[in-house]
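Asker: what's the 3D shape of this:
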Amino acid sequence: MDAFNIEGSAKTPEIALNPEQGTIDIKGRSIPENSVAFYNPIMDWLAAYTEKPASQTTVNIELEYFNTSSSKCILDVLKKLEALNQKSGNVHINWYYEEDDEDMLEAGEDYEAILNLPFKMIETKED
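Answerer: Alright, predicted model coming up:
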């Protein structure tokens with residue numbers, strides 16, 4: 001299985017999916033014109049990855065902002081990882097938020113409340 005990368009832009013996050021290391025990184029802003037179209041290749045990659053995952057999967061989500069349609073797509077990504085975690089028990093989510101960004105912290109806490117996945121909230125300093 002190949003790694004999958006998308007370079008970030010002003011409207012889309014940087015995506016780095018590494019099957020050998022078992023890492024999934026989503027970083028930046030997620031306000032694409034069509035969130036479903038943007039996240040579909042990620043969902044396809046995850047479907048293949050969950051068939052033969054690494055022994056441990058670490059997900060790093062470091063978003064500065066995402067819109068409503070992206071939030072649904074992010075939830076779909078996390079639900080796929082939740083299913084993998086139910087099989088393997090080895091999925092960990094690192095949710096990064098800037099120190100004064102209460103909205104991003106709450107978004108992570110909301111996802112944590114909805115899903116049966118171990119979340120670690122990590123506060124970062126503003127740039």
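Asker: what ranges of this protein fall below the confidence cut-off?
Answerer: Applying pLDDT under 70 to the chain flags residues 127.
Asker: Looking at it, which helix is longest?
Answerer: helix 68-88 (DSSP state H).
Asker: which SS class is residue 46?
Answerer: helix (DSSP: H, G, I helix; E, B strand; the rest coil).
Asker: Please name the nearest non-neighbouring residue to it.
Answerer: In space, residue 46 comes closest to residue 80 once its chain neighbours are excluded; the distance is 4.7 Å by C-beta to C-beta, 6 or more residues apart in numbering. The way it works is simple: take the backbone N, C-alpha and C, and place the C-beta from them, glycine included.
Asker: Give the burial count for that neighbour, as a bare number.
Answerer: 18 (other C-beta atoms under 10 Å).
Asker: So it is in contact with residue 43, correct?
Answerer: Yes - in terms of C-beta atoms under 8 Å, residue 80 counts as a neighbour of residue 43; the distance is 6.7 Å.
Asker: Which strands or helices does the longest helix of the chain pack on?
Answerer: For helix 68-88, the packing partners by 3 or more C-beta pairs under 8 Å, 6 or more residues apart in numbering; DSSP states H and E come out as strand 23-30, helix 35-49, strand 57-66, strand 91-98, helix 102-114.
Asker: List of residues touching the second one?
Answerer: Taking C-beta atoms under 8 Å, 6 or more residues apart in numbering as the criterion, the residues outside helix 35-49 that touch it are 1, 4, 6, 12, 15, 17, 19, 30, 32, 67, 69-70, 72-74, 76-77, 80-81, 84.
Asker: Could you rerun that using 10 Å?
Answerer: The contact list for helix 35-49 (C-beta atoms under 10 Å, 6 or more residues apart in numbering) reads 1-4, 6, 11-13, 15, 17-19, 22, 24, 26, 30-32, 34, 53, 57, 66-74, 76-77, 79-81, 83-84.
Asker: Now that we have those residues, which of them are buried?
Answerer: 4, 12-13, 15, 17-19, 22, 24, 26, 30-32, 53, 57, 66, 69-71, 73-74, 76-77, 79-81, 84 (16 or more other C-beta atoms under 10 Å).
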